[in-house]
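Q: Take a look and give me a structure for this.
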Amino acid sequence: MGVARSSFWRGIGLIWSIDRIAYALGYYKVAEKRIPDLGVSFIATLILVLGSVVVVVWSHI
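A: Residues are numbered from 1 along each chain as shown. Next up is the predicted model:
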């Protein structure tokens, strides 16, 4: 994989990590603020999982 692609995946992982921290901080404050952070985290997780599946399948073709 090229450098550009690995930078993309690092970026998605960084977004996920930052969002999980924001979610945890919001969890202790206001319940209504949890939903937007959860949505961002869900999208980042979905991209990471699907990307992993594509890489595994692609490497076995």
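
Q: Can you spell out which helices and strands pack onto the helix or strand containing residue 24?
A: Using DSSP states H and E, residue 24 falls within helix 3-27. For helix 3-27, the elements it packs on are helix 34-59, judged by 3 or more Cβ pairs under 8 Å, 6 or more residues apart in numbering; DSSP states H and E. Using the backbone N, CA and C atoms, a C-beta is placed for each residue, glycine as well.

Q: And the helix it packs on, what's buried?
A: 37, 40-41, 44, 47 (16 or more other Cβ atoms under 10 Å).

Q: Of the residues you listed, just say which sits nearest to residue 8.
A: residue 47 (9.4 Å; Cβ to Cβ).

Q: where's the closest one relative to residue 29, distance?
A: Residue 47 sits 27 Å away from residue 29, going by Cβ to Cβ, to the nearest Å.

Q: and stretch 42-60, how far from the chain's centre?
A: The chain centre lies 11 Å from the centre of stretch 42-60; the measure is Cα atoms, centre = their mean, to the nearest Å.

Q: what is the mean pLDDT for that stretch?
A: The pLDDT scores in stretch 42-60 average 84.

Q: can you dump the C-alpha coordinates of that stretch into CSV?
A: Provided in CSV are the C-alpha atoms of stretch 42-60 (Å, rounded to 0.1, in the frame of the first residue of the first chain):
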residue,chain,number,x,y,z
PHE,A,42,-19.8,4.7,14.1
ILE,A,43,-18.9,6.0,10.6
ALA,A,44,-15.1,5.9,11.4
THR,A,45,-15.5,2.4,12.8
LEU,A,46,-17.4,1.3,9.7
ILE,A,47,-14.8,2.7,7.4
LEU,A,48,-12.0,1.0,9.3
VAL,A,49,-13.7,-2.4,9.4
LEU,A,50,-14.7,-2.3,5.7
GLY,A,51,-11.2,-1.2,4.8
SER,A,52,-9.7,-4.1,6.7
VAL,A,53,-12.0,-6.6,5.0
VAL,A,54,-11.2,-5.2,1.6
VAL,A,55,-7.4,-5.4,2.3
VAL,A,56,-7.7,-9.0,3.6
VAL,A,57,-9.8,-10.2,0.6
TRP,A,58,-7.6,-8.3,-1.9
SER,A,59,-4.4,-9.8,-0.5
HIS,A,60,-5.9,-13.3,-1.0
